[in-house]
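**Student:** sequence unknown, structure follows:
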């Protein structure tokens, strides 16, 4: 049987969890995820972890935060002055929204606090600082 190697396009079913078992994403009940191994479309640890698998194989892959969505950094938390916000901009704490960096690139931020003069925004990935666990099943090498 063929084994997965870099450059192969594969499809997998997966369940992504935190170390405490909290599920953050899953293909269960839906279509499998299809991607090119080594193409940088998905987390490197997951792409590396499927190498050598055969169709039907199941595996648990653990990805430390540094190799997943990175370490949580306070440098990615900032104050956004209410005087710079559009009129009627009054988002709730916990709400995510899209803003644009100075270079025009979009970035997703989360409102983590409010003061009289500013909103506190966090642009760390929601899974930053978290060790990830993926239970995967290789459906096929396409």
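**Tutor:** Structure received. Just so it is clear, the structure is predicted and the values come from calculations on it, not from any experiment.
**Student:** I'd like to know how many residues surround the closest residue to residue 54 other than its chain neighbours.
**Tutor:** Closest residue in space to residue 54, ignoring its immediate chain neighbours: residue 1 at 4.7 Å, by Cβ to Cβ, 6 or more residues apart in numbering. To be clear about C-beta, it is placed using only N, CA and C from the backbone, and glycine gets the same treatment. Other residues within reach of residue 1, judged by other Cβ atoms under 10 Å, total 7.
**Student:** Residue 1 touches residue 55, doesn't it?
**Tutor:** Yes: in this structure, residue 1 is within contact of residue 55 by Cβ atoms under 8 Å, at 6.9 Å.
**Student:** So for stretch 9-16, what gets flagged as buried?
**Tutor:** Using 16 or more other Cβ atoms under 10 Å as the test for burial, stretch 9-16 gives 10-16.
**Student:** Could I get the full set of helices for the chain?
**Tutor:** Secondary structure of the chain (DSSP state H): helices at 44-49.
**Student:** Pop the domain breakdown of it in here.
**Tutor:** Following the assignment in automatic domain parsing, the chain carries domains at 9-69+128-141, 74-122.
**Student:** Pick the most deeply packed of those domains.
**Tutor:** Comparing those by mean neighbour count (mean count of other Cβ atoms under 10 Å), domain 9-69+128-141 ranks first with a mean of 16.
**Student:** Run the chain-centre distance for that one.
**Tutor:** Relative to its chain's centre, domain 9-69+128-141 lies at 11 Å (Cα atoms, centre = their mean, to the nearest Å).
**Student:** and the end-to-end length of it?
**Tutor:** One end of domain 9-69+128-141 sits 6 Å from the other (Cα to Cα, to the nearest Å).
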